[in-house]
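> one predicted model, sequence on top.
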Amino acid sequence: IDEEGYRGFFGKGRFRRMLKSLPKDVYVSFDLDLLSKSEIYTDYNQGKFTIEELIEAIDIIKSNKRIISADILGYAGSETTTPGLDAYRRIARRIMD
C-alpha cells in the first residue's frame with residue numbers, strides 16, 4: 001500500500017478490514033522510500049510518511065496477524081548516524097518485538 005492508499009485505509013478503518021481478508025500468518029515488506037527525507041535517506045523518490053505512521057501500521061498488522069517473515073527495502077546504507085540508521089533499526093525492532 002502506498003502512502004496515499006495507507007492513509008485512506010487507515011483513516012477510514014479500511015486498512016484493518018483489508019487485513020481480515022489475509023491469512024493469519026503474513027509476510028510483510030516495507031519499502032523505506034515511502035518515508036520522508038527527514039526520516040531516512042534512500043536512493044529513490046521519497047514519500048511523506050513519518051516513522052510514527054509506519055510504526056502504527058506495523059502495530060495494526062501485528063494486532064491482527066502473525067508476522068512470520070519480513071523485509072525492509074530501500075535503505076541506502078550510506079547513513080551511519082541518525083536519522084537513517086536509527087530509523088531502520090527502530091522499524092526492524094518493532095517488527096521483531
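Nice, thanks for sending it over. Residues are numbered from 1 along each chain as shown.

> chain center to the helix or strand R17 falls within: distance?
Secondary structure from DSSP states H and E places R17 in helix 14-20. Taking CA atoms, centre = their mean, to the nearest Å, one finds the center of helix 14-20 at 16 Å from the center of the full chain.

> helices and strands around that helix, which ones?
Under the contact criterion of 3 or more CB pairs under 8 Å, 6 or more residues apart in numbering; DSSP states H and E, helix 14-20 touches helix 3-11, helix 51-64. Where C-beta positions appear, they are placed from N, C-alpha and C, glycine not excepted.

> lowest mean pLDDT across the ones you listed, which one is that?
In terms of average pLDDT, helix 3-11 trails the rest of the helices and strands packed on helix 14-20, at a mean of 56.

> which residues touch the spatially most central residue of the chain?
The C-alpha lying nearest the average C-alpha coordinate of the chain belongs to L54 (CA atoms, centre = their mean; 4.1 Å). With contacts defined as CB atoms under 8 Å, 6 or more residues apart in numbering, L54 is in contact with F30, L34, L35, I91.

> what angle sits between the one helix or strand the last one maps to and helix 51-64?
It refers to I91. Take DSSP H and E as the rule and I91 turns out to sit in helix 84-96. Angular relation of helix 84-96 and helix 51-64 on a 0 to 180 degree scale: 10 degrees, by axes from the mean of the first three to the mean of the last three CA atoms, to 10 degrees.

> tally of neighbours for D25?
Residues within reach of D25, counting by other CB atoms under 10 Å, total 10.
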